[in-house]
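> Here you go, sequence then predicted model.
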Amino acid sequence: MASPLPRWSGVFPAVVTQMHPDQSLDLDGSARHFEALIESGVAGLIVCGSLGENQCLQPEEKRAVLKCAVETAAGRVPVLSGVAEMSTRAAIDYLHDGERLGAAGFMIMPPMVYKSDARETEHWFRTLAAATPLPWMLYNNPVGYHTDVTPEMFARLADVENLTSIKESSANPRRITELRNLVGDRYQLFTGVDDLILECSILGIDGWVAGSGIAFPKENQRLWELTRQGRWDEARTLYRWAQPLMKLDTHLHFVQYIKLLCQEAGLGREWVREPRLPLAGEERGQVLKIIREALAVRPG
């Protein structure tokens, strides 16, 4: 009899991919960052997602980042890998390699570049699910990827056994209640929008795919724990401090913003992979002002 699939919960940060100034991978830097996150108490790690610049990495680089994360975690927390590919064949190849490299599961995005309709989107996810025995999280981000997996679609996908979790990044907290009303506890629900963490916690989520919090992991973990304990006054106070930093995850240049935040917090460097460029001029100055003002009054 097959073992039941794990039901993930808690903070699963989506981690940036550390780079050198020449845009090559800085795997030592990534390993240090993974270690800091694990020490803060996170429940898992997610690599090669949107924040991890998946679409800008070469196939062998994605596999190298995943291997680094698995080796650093050494079984202490599950490591999930983002799956962001343009073709079904490439996605299946990555799933198979991810299994071989020790991934505990995957966070699967809709097809890249091509905007699939509902029928094609469901077929994509069913086909990939059938290609791996591992559990996986469906990443729904209609704002970023222009493909919306609606609650009704999730109801139809409920027979896909290894689809265990949803990262809901529609920026619409109503979706949490709509999903609960439609499919109950069939899925583990994660919010993927940092500055909706309190709202979504009140509505009943199981986890948080944190973005900006990778730069202040102890405070991020503390905020999550306060929401789980129902200590809302303390949670609101901490959230009000973090909110300007969390909002950095909602902009077009969110990768650059969060990498700069990590650099200022001592957890990485700001280097990105082209076509992205490091921040410059007035924009960089404005973001640095937000970051430094917050870090100057960082909770003790």
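The structure has been received and is ready for your questions.
> all helices for this structure, in order.
Assigned by DSSP state H, the chain shows helices spanning 27-40, 59-73, 88-101, 118-130, 142-145, 151-156, 174-183, 197-203, 217-228, 232-246, 254-264, 281-296.
> Out of those, which is closest to residue 52?
With distances scored as CB to CB, the stretch of these nearest to residue 52 is helix 59-73 (7.0 Å). Quick note: C-beta positions are derived from backbone N, CA and C, even for glycine.
> in the closest one, what's buried?
By 16 or more other CB atoms under 10 Å, the buried positions in helix 59-73 come out as 61-70, 72-73.
> Could you do stretch 231-243 as well?
Neighbour-count burial for stretch 231-243 flags 235, 238-239, 241-242 (criterion: 16+ other CB under 10 Å).
> and if you look at stretch 140-160?
140-141, 145, 147-151, 153-154, 157, 160.
> mind putting those residues in a markdown table, distance to residue 195 and pLDDT included?
Shown next, in a markdown table, are the buried residues of stretch 140-160 (distance: CB to CB, whole Å; pLDDT from 0 to 100):
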| residue | distance to residue 195 | pLDDT |
| --- | --- | --- |
| 140 | 18 | 98 |
| 141 | 15 | 95 |
| 145 | 20 | 89 |
| 147 | 23 | 95 |
| 148 | 20 | 96 |
| 149 | 22 | 98 |
| 150 | 23 | 98 |
| 151 | 22 | 98 |
| 153 | 26 | 98 |
| 154 | 24 | 99 |
| 157 | 28 | 99 |
| 160 | 30 | 99 |
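> Among those, which one lies nearest to residue 105?
Distances from residue 105 to the buried residues of stretch 140-160, taken by CB to CB, are shortest for residue 160, at 13.4 Å.
> Check residue 3 and give its pLDDT.
Residue 3 is assigned a pLDDT of 73 by the prediction.
> so who does it touch?
Contact analysis of residue 3 by CB atoms under 8 Å, 6 or more residues apart in numbering lists nothing.
> do residue 138 as well
Listed by CB under 8 Å, 6+ apart, the contact partners of residue 138 are 107-108, 125, 149, 154, 157, 163, 165-167.
> circling back: ok, the buried residues of helix 59-73 vs residue 119, which is closest?
residue 62 (28.2 Å).
> For the closest one, which non-adjacent residue is closest in space?
Nearest non-adjacent residue to residue 62, counting by CB to CB, 6 or more residues apart in numbering: residue 48, 5.1 Å away.
> So for that neighbour, what pLDDT did the model give?
Residue 48 is assigned 99 on the pLDDT scale.
> Please apply the same query to the one 5 residues further on.
What the model reports as pLDDT for residue 53 is 98.
> how many neighbours does it have?
For residue 53, the count of nearby residues is 21 (other CB atoms under 10 Å).
> and what of residue 229?
10.
> rewinding a little: quick one: the residue nearest to residue 62 from residue 150, how far?
According to CB to CB, to the nearest Å, residue 48 and residue 150 sit 26 Å apart.
> Residue 170: what's it in contact with?
Residues counted as contacts of residue 170 (CB under 8 Å, 6+ apart) are 140-143, 148.
> run the last query once more with 7 Å
Taking CB atoms under 7 Å, 6 or more residues apart in numbering, we find residue 170 in contact with 140, 142-143, 148.
> about what we covered before: from memory the residue nearest to residue 62 sits against residue 66, does it?
Yes. Between residue 48 and residue 66 there is a contact under CB atoms under 7 Å: 6.4 Å.
> rewinding a little: of the buried residues of stretch 140-160, which is the nearest to residue 117?
Closest to residue 117, out of all of these and judged by CB to CB, is residue 147, at 8.6 Å.
> Does that closest one touch residue 121 like I think?
Yes. Between residue 147 and residue 121 there is a contact at 5.7 Å, judged by CB under 7 Å.
> Which neighbours do the two have in common?
In contact with both residue 147 and residue 121: residue 110, using CB under 7 Å, 6+ apart.
> which residues sit against the lowest-mean-pLDDT helix or strand in the chain?
Lowest on mean pLDDT, DSSP states H and E among the helices and strands of the chain sits helix 142-145, with a mean of 90. Outside of helix 142-145, the residues within contact range by CB under 7 Å, 6+ apart are 50, 109-110, 148, 170-171.
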